[in-house]
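In: Got a predicted model here, sequence first, then my questions.
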Amino acid sequence: RPMGVAVRTYYTSPRSDDEWLESWLELWEGDDLLPGYGWVFGMGDGTSNIGLGVLNTSSAWGKVDYKALLKRWVAGMPPEWGLDDETRLGPVRGAALPMGFNRQPHYTKGLMLLGDAGGMVNPFNGEGIAYAMESGAMAAEVAAQALARPEGPARELALSAYPRALKDTYGGYYTLGRVFVKLIGDPRVMRLATRHGLPHPLLMRFTLKLLANLTDPKGGDAMDRVIAAMTKVAPAA
(Lines give C-alpha, C1' and ligand atoms only; values in the text may rest on other atoms or scores of the structure.)
Protein backbone atom coordinates (compact mmCIF):
# COMPACT_ATOMS: atom_id res chain seq x y z
CA ARG A 1 0.00 0.00 0.00
CA PRO A 2 1.29 3.46 -0.83
CA MET A 3 3.30 5.74 1.38
CA GLY A 4 4.44 9.25 0.69
CA VAL A 5 6.69 11.84 2.24
CA ALA A 6 6.16 15.58 2.25
CA VAL A 7 8.40 18.48 3.18
CA ARG A 8 7.38 22.10 3.51
CA THR A 9 8.41 25.48 4.86
CA TYR A 10 7.24 29.10 4.75
CA TYR A 11 8.57 32.14 2.95
CA THR A 12 7.70 35.80 3.02
CA SER A 13 6.49 36.39 -0.51
CA PRO A 14 4.45 38.78 -2.66
CA ARG A 15 2.37 35.73 -3.59
CA SER A 16 0.83 35.58 -0.13
CA ASP A 17 -2.55 36.85 -1.34
CA ASP A 18 -2.86 34.60 -4.40
CA GLU A 19 -6.37 33.23 -4.85
CA TRP A 20 -5.17 29.94 -6.29
CA LEU A 21 -3.08 27.02 -5.11
CA GLU A 22 -0.29 26.40 -7.61
CA SER A 23 0.80 22.81 -8.28
CA TRP A 24 3.91 21.74 -10.18
CA LEU A 25 3.76 18.20 -11.54
CA GLU A 26 7.39 17.91 -12.59
CA LEU A 27 9.90 17.11 -9.84
CA TRP A 28 13.26 15.94 -11.12
CA GLU A 29 16.02 14.06 -9.31
CA GLY A 30 18.73 14.06 -11.94
CA ASP A 31 17.19 12.33 -14.95
CA ASP A 32 14.39 10.77 -12.89
CA LEU A 33 10.92 12.31 -13.03
CA LEU A 34 9.51 11.63 -9.57
CA PRO A 35 5.88 10.65 -8.84
CA GLY A 36 4.71 13.63 -6.84
CA TYR A 37 4.20 17.37 -7.04
CA GLY A 38 5.25 20.67 -5.56
CA TRP A 39 2.92 23.36 -4.30
CA VAL A 40 2.81 27.08 -3.61
CA PHE A 41 -0.12 28.64 -1.79
CA GLY A 42 -0.47 31.97 -0.13
CA MET A 43 -1.35 32.21 3.54
CA GLY A 44 -2.80 35.71 3.32
CA ASP A 45 -0.50 37.01 6.06
CA GLY A 46 2.52 37.97 3.97
CA THR A 47 3.82 34.41 3.74
CA SER A 48 3.44 31.43 1.42
CA ASN A 49 3.45 27.71 2.22
CA ILE A 50 5.81 25.96 -0.18
CA GLY A 51 6.58 22.28 -0.26
CA LEU A 52 6.57 19.04 -2.18
CA GLY A 53 5.47 15.44 -1.81
CA VAL A 54 6.83 12.25 -3.34
CA LEU A 55 5.42 8.69 -3.45
CA ASN A 56 7.16 5.44 -2.55
CA THR A 57 6.36 3.83 -5.91
CA SER A 58 9.48 5.34 -7.48
CA SER A 59 12.81 3.52 -7.56
CA ALA A 60 14.27 6.73 -6.12
CA TRP A 61 12.28 6.28 -2.88
CA GLY A 62 14.54 6.41 0.15
CA LYS A 63 17.48 7.64 -1.90
CA VAL A 64 16.39 11.26 -2.29
CA ASP A 65 17.32 14.07 0.08
CA TYR A 66 13.87 15.65 0.08
CA LYS A 67 14.95 18.85 1.82
CA ALA A 68 17.70 19.34 -0.75
CA LEU A 69 15.19 18.57 -3.52
CA LEU A 70 12.91 21.30 -2.16
CA LYS A 71 15.79 23.77 -2.07
CA ARG A 72 16.74 23.01 -5.70
CA TRP A 73 13.13 23.25 -6.82
CA VAL A 74 12.60 26.60 -5.09
CA ALA A 75 15.81 27.92 -6.61
CA GLY A 76 14.19 27.57 -10.03
CA MET A 77 11.29 29.87 -9.16
CA PRO A 78 11.00 33.33 -10.78
CA PRO A 79 13.17 35.89 -8.93
CA GLU A 80 10.20 38.24 -8.45
CA TRP A 81 8.61 35.69 -6.11
CA GLY A 82 11.35 36.51 -3.59
CA LEU A 83 12.05 32.93 -2.51
CA ASP A 84 15.56 32.57 -1.13
CA ASP A 85 17.38 31.78 2.11
CA GLU A 86 16.82 35.31 3.42
CA THR A 87 13.03 35.16 3.02
CA ARG A 88 12.58 31.61 4.35
CA LEU A 89 10.93 31.49 7.75
CA GLY A 90 12.14 28.62 9.90
CA PRO A 91 13.40 25.15 9.03
CA VAL A 92 12.05 22.70 6.48
CA ARG A 93 9.71 20.23 8.16
CA GLY A 94 8.85 16.77 6.86
CA ALA A 95 6.51 13.89 7.64
CA ALA A 96 5.41 10.52 6.31
CA LEU A 97 2.03 10.26 4.57
CA PRO A 98 0.29 6.91 5.24
CA MET A 99 -2.12 6.45 2.34
CA GLY A 100 -5.02 4.37 1.10
CA PHE A 101 -5.92 2.59 4.36
CA ASN A 102 -2.37 1.25 4.78
CA ARG A 103 -2.88 0.94 8.55
CA GLN A 104 -5.52 -1.59 9.58
CA PRO A 105 -7.59 -2.83 11.35
CA HIS A 106 -9.43 0.41 11.91
CA TYR A 107 -11.23 -1.01 14.92
CA THR A 108 -10.24 -3.59 17.51
CA LYS A 109 -10.86 -4.05 21.24
CA GLY A 110 -12.33 -0.63 21.86
CA LEU A 111 -9.79 1.28 19.73
CA MET A 112 -10.67 3.18 16.56
CA LEU A 113 -7.99 4.57 14.23
CA LEU A 114 -8.72 7.98 12.68
CA GLY A 115 -7.03 10.04 9.98
CA ASP A 116 -3.32 9.45 9.54
CA ALA A 117 -3.34 6.82 12.29
CA GLY A 118 -5.58 4.74 10.02
CA GLY A 119 -3.64 5.49 6.82
CA MET A 120 -6.38 7.72 5.43
CA VAL A 121 -4.28 10.17 3.44
CA ASN A 122 -5.60 10.48 -0.14
CA PRO A 123 -3.28 8.44 -2.43
CA PHE A 124 -4.05 10.75 -5.35
CA ASN A 125 -2.88 14.01 -3.79
CA GLY A 126 -1.45 13.50 -0.29
CA GLU A 127 -4.24 15.48 1.41
CA GLY A 128 -5.26 14.24 4.85
CA ILE A 129 -7.00 16.95 6.86
CA ALA A 130 -10.49 16.40 5.40
CA TYR A 131 -10.27 12.64 5.89
CA ALA A 132 -9.13 13.04 9.48
CA MET A 133 -12.12 15.28 10.20
CA GLU A 134 -14.59 13.06 8.36
CA SER A 135 -13.34 9.85 9.98
CA GLY A 136 -13.54 11.64 13.34
CA ALA A 137 -17.19 12.42 12.70
CA MET A 138 -17.85 8.78 11.75
CA ALA A 139 -16.07 7.53 14.86
CA ALA A 140 -18.03 9.91 17.08
CA GLU A 141 -21.33 8.73 15.62
CA VAL A 142 -20.40 5.06 16.09
CA ALA A 143 -19.14 5.69 19.63
CA ALA A 144 -22.38 7.45 20.55
CA GLN A 145 -24.42 4.54 19.26
CA ALA A 146 -22.21 2.03 21.09
CA LEU A 147 -22.40 3.88 24.41
CA ALA A 148 -26.19 3.85 24.16
CA ARG A 149 -26.08 0.05 24.31
CA PRO A 150 -25.20 -2.21 27.26
CA GLU A 151 -21.62 -3.41 27.60
CA GLY A 152 -20.82 -6.64 25.84
CA PRO A 153 -21.70 -8.05 22.40
CA ALA A 154 -24.26 -5.35 21.58
CA ARG A 155 -21.72 -2.61 22.09
CA GLU A 156 -19.05 -4.46 20.11
CA LEU A 157 -21.50 -4.93 17.28
CA ALA A 158 -22.11 -1.19 17.14
CA LEU A 159 -18.39 -0.40 17.17
CA SER A 160 -17.70 -2.86 14.36
CA ALA A 161 -19.73 -0.58 12.10
CA TYR A 162 -16.86 1.92 12.01
CA PRO A 163 -14.52 0.06 9.59
CA ARG A 164 -17.51 -0.79 7.40
CA ALA A 165 -18.46 2.89 7.22
CA LEU A 166 -14.91 3.80 6.23
CA LYS A 167 -14.81 1.21 3.45
CA ASP A 168 -18.24 2.22 2.18
CA THR A 169 -17.13 5.86 2.02
CA TYR A 170 -13.54 5.63 0.78
CA GLY A 171 -12.85 2.01 -0.17
CA GLY A 172 -13.36 2.14 -3.93
CA TYR A 173 -11.75 5.56 -4.27
CA TYR A 174 -8.65 4.48 -2.36
CA THR A 175 -8.37 1.35 -4.50
CA LEU A 176 -8.29 3.55 -7.59
CA GLY A 177 -5.66 5.66 -5.81
CA ARG A 178 -3.42 2.65 -5.22
CA VAL A 179 -3.58 1.78 -8.92
CA PHE A 180 -2.80 5.40 -9.80
CA VAL A 181 0.30 5.69 -7.60
CA LYS A 182 1.63 2.40 -8.93
CA LEU A 183 1.25 3.63 -12.50
CA ILE A 184 2.93 7.00 -11.98
CA GLY A 185 5.79 5.28 -10.17
CA ASP A 186 6.93 4.26 -13.66
CA PRO A 187 8.92 7.22 -15.08
CA ARG A 188 7.69 6.40 -18.58
CA VAL A 189 4.07 6.77 -17.51
CA MET A 190 4.86 9.96 -15.59
CA ARG A 191 6.60 11.49 -18.63
CA LEU A 192 3.71 10.52 -20.89
CA ALA A 193 1.17 12.01 -18.49
CA THR A 194 2.98 15.34 -18.05
CA ARG A 195 3.92 15.70 -21.72
CA HIS A 196 0.58 14.84 -23.28
CA GLY A 197 -1.94 15.32 -20.46
CA LEU A 198 -1.10 18.81 -19.20
CA PRO A 199 -1.86 20.62 -22.51
CA HIS A 200 -5.49 19.35 -22.58
CA PRO A 201 -7.86 21.48 -20.43
CA LEU A 202 -10.76 18.99 -20.54
CA LEU A 203 -8.56 16.09 -19.49
CA MET A 204 -7.00 18.19 -16.74
CA ARG A 205 -10.43 19.20 -15.38
CA PHE A 206 -11.34 15.52 -15.16
CA THR A 207 -7.99 14.73 -13.54
CA LEU A 208 -8.43 17.52 -11.00
CA LYS A 209 -11.87 16.22 -10.01
CA LEU A 210 -10.47 12.71 -9.57
CA LEU A 211 -7.24 13.61 -7.79
CA ALA A 212 -8.81 16.11 -5.42
CA ASN A 213 -11.96 14.01 -4.79
CA LEU A 214 -14.13 16.96 -5.78
CA THR A 215 -16.99 15.03 -7.31
CA ASP A 216 -20.68 15.19 -6.49
CA PRO A 217 -21.74 11.57 -5.84
CA LYS A 218 -25.44 12.41 -6.17
CA GLY A 219 -25.57 14.06 -9.55
CA GLY A 220 -23.13 16.53 -11.01
CA ASP A 221 -21.87 16.54 -14.56
CA ALA A 222 -20.75 13.70 -16.81
CA MET A 223 -17.27 13.70 -15.22
CA ASP A 224 -18.80 13.29 -11.76
CA ARG A 225 -20.88 10.35 -12.95
CA VAL A 226 -17.91 8.62 -14.58
CA ILE A 227 -15.78 8.96 -11.43
CA ALA A 228 -18.67 7.83 -9.23
CA ALA A 229 -19.12 4.74 -11.40
CA MET A 230 -15.39 3.98 -11.24
CA THR A 231 -15.34 4.13 -7.44
CA LYS A 232 -18.45 1.91 -7.20
CA VAL A 233 -17.05 -0.88 -9.37
CA ALA A 234 -13.60 -0.80 -7.74
CA PRO A 235 -13.24 -3.30 -4.88
CA ALA A 236 -13.11 -1.70 -1.43
CA ALA A 237 -9.61 -0.91 -0.17
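Out: Yes, it's here. Residues are numbered from 1 along each chain as shown.
In: any idea where the helices of the chain begin and end?
Out: Counting by DSSP state H, the chain has helices at residues 66-75, 129-147, 153-159, 161-184, 187-196, 201-212, 222-233.
In: Compare those and give me the one nearest Asn49.
Out: helix 66-75 (12.0 Å; CB to CB). Every residue, glycine included, has its C-beta placed from N, CA and C.
In: what does the model give Leu211 for pLDDT?
Out: Per-residue pLDDT puts Leu211 at 86.
In: correct me, but it touches Gly126?
Out: No: between Leu211 and Gly126 there is no contact under CB atoms under 8 Å: 9.8 Å.
In: Gly136: how many residues sit nearby?
Out: 13 (other CB atoms under 10 Å).
In: what does the lowest-mean-pLDDT helix or strand in the chain contact?
Out: The helix or strand of the chain with the lowest confidence, counting by mean pLDDT, DSSP states H and E, is helix 187-196 at a mean of 83. Here helix 187-196 makes contact (CB atoms under 8 Å, 6 or more residues apart in numbering) with 25-26, 32-35, 58, 183-184.
In: In PyMOL, how would I select the buried members of those residues?
Out: The buried subset of the contacts of helix 187-196, as determined by 16 or more other CB atoms under 10 Å, is captured in PyMOL by this line:
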select buried, resi 25+33+34+35+58+184
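In: what would the contacts of helix 187-196 look like in a markdown table with pLDDT and distance to Gly172?
Out: As requested, those are exported to a markdown table (pLDDT from 0 to 100; distance: CB to CB, whole Å):
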| residue | pLDDT | distance to Gly172 |
| --- | --- | --- |
| Leu25 | 83 | 25 |
| Glu26 | 84 | 29 |
| Asp32 | 83 | 31 |
| Leu33 | 85 | 28 |
| Leu34 | 89 | 27 |
| Pro35 | 90 | 22 |
| Ser58 | 80 | 25 |
| Leu183 | 89 | 17 |
| Ile184 | 88 | 19 |
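In: circling back: of the helices of the chain, give the one that comes closest to Arg8.
Out: Once CB to CB is applied to those, the stretch that comes out nearest is helix 66-75, at 7.8 Å.
In: what does the closest one contact?
Out: Against helix 66-75 from outside (CB under 8 Å, 6+ apart): 5, 7-9, 24, 27, 29, 38, 50-52, 54, 83, 92, 94.
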